[in-house]
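Let me see the structure of the following:
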Amino acid sequence: GMYVIGNGDLLSKKNNVWKTILDKFKQKGVYGTHLGLTCQNHTLKLTQIKNPSDFQLVEDGGCNKACSTKLSCGHICPHKCHNFSHEEMKCLKKVNIKRECGHIAAEKLCYEELGVCEEPVLRTLPCGHQQEVLCYKEDWSSIQCMQPCNRLFKCGKHLCNLKCFQKCPKKCTFVVLRQLDCGHTTEAPCESDLVNYVCGLPH
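Model prediction:
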């Protein structure tokens, strides 16, 4: 078909050919001030276009009715009536999803991948200590326990002040005041061997 958009009266006055064409349009009842667009999805819906801004009523290629089609995710299409496929559409609805672990995923867009659960949970590590770790971590053997070691050294007086995952020294390394064979005292590691220690103080 042919559509003529413009000032029909002016065309008729200025050009006899256009006057003939437009007269035939009027005789057939297809001449008017509006362009009627029928929606392919809602065939009974007719949108009348008169001004350029009226095309916004059919900007998605359908009409101004809500699409209301259920997407594959179960949500309703939020767009106005359109002529593009739902298969290519990303659902932008914000959702909270309960994971298999029981935690609720932080609000995300429906189409986004869920990802791993990063909620901190209290776990008992192989060493026996409890520590917060990320929920998705299943292998706890590689987790470094940050609790104090507190192993009692053989001296019976001091506790190891390293972290649990760190290897304890075999002997107590706390610096204490110790008495030498000569009778003087000196600062030295608690369980260090002082047999070969040379005292620099005068007798």
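
could you list every residue that touches R123?
If you count contacts by CB atoms under 8 Å, 6 or more residues apart in numbering, R123 has them with 130-133, 140, 143. Placement of C-beta: from N, CA and C, glycine included.

Hmm, which of these is lowest in pLDDT?
Across the contacts of R123, the bottom pLDDT score, 72, is held by W140.

residues near it, how many?
For W140, the neighbour count with other CB atoms under 10 Å is 14.

Check the one 4 residues further on too.
Neighbour count for Q144, taken as other CB under 10 Å: 10.

and the gap between it and K167?
12 Å (CB to CB, to the nearest Å).

what are the phi and psi values for V121?
phi -130, psi 150 (degrees, to the nearest 10).

er, C164 actually
phi -60, psi -40.

now the strands: where do they sit in this protein?
Ranges of strands within the chain are 35-38, 46-49, 61-66, 80-82, 94-95, 108-109, 120-124, 130-134, 175-179, 185-189, based on DSSP state E.

Could you dump the ones you listed into CSV with distance to S72 added?
As requested, those are exported to CSV (distance: least, CB to CB, whole Å):
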stretch, distance to S72
strand 35-38, 28
strand 46-49, 29
strand 61-66, 18
strand 80-82, 16
strand 94-95, 14
strand 108-109, 15
strand 120-124, 33
strand 130-134, 31
strand 175-179, 69
strand 185-189, 69
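
highest average neighbour count across the ones you listed?
strand 80-82 (a mean of 19; mean count of other CB atoms under 10 Å).

distance between that strand and the chain's centre?
Its chain's C-alpha centre and that of strand 80-82 lie 28 Å apart, by CA atoms, centre = their mean, to the nearest Å.

Can you tell me how far the closest residue to H158 other than its chain neighbours is from E113?
Closest residue to H158 apart from its sequence neighbours, by CB to CB, 6 or more residues apart in numbering: F174 at 4.5 Å. Between F174 and E113 the computed distance is 52 Å (CB to CB).

who has more neighbours, these two?
Ranked by neighbour count (other CB under 10 Å), F174 and E113 place F174 first, with 14 against 6.

can you tell me which residues contact that one?
Neighbours of F174 in contact, by CB under 8 Å, 6+ apart: 153, 157-158, 189-190.

Where do the helices of this protein begin and end?
8-14, 16-28 (DSSP state H).

Please convert these to CSV, extending it with mean neighbour count and distance to G102.
Compiled in CSV, those are given as follows (neighbours: other CB atoms under 10 Å; distance: least, CB to CB, whole Å):
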stretch, mean neighbour count, distance to G102
helix 8-14, 13, 70
helix 16-28, 12, 70
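
So, low pLDDT: which residues of this protein?
Applying pLDDT under 70 to the chain flags residues 1, 195, 200, 203.

Just give me the residue closest to the centre of it.
Centrality entry for the chain: nearest residue to the mean C-alpha point is K108, 6.0 Å, by CA atoms, centre = their mean.

Can you tell me how far the residue lying closest to that residue once chain neighbours are set aside is from E191?
In space, K108 comes closest to V95 once its chain neighbours are excluded; the distance is 6.5 Å by CB to CB, 6+ apart. In this view, V95 and E191 are 61 Å apart by CB to CB.
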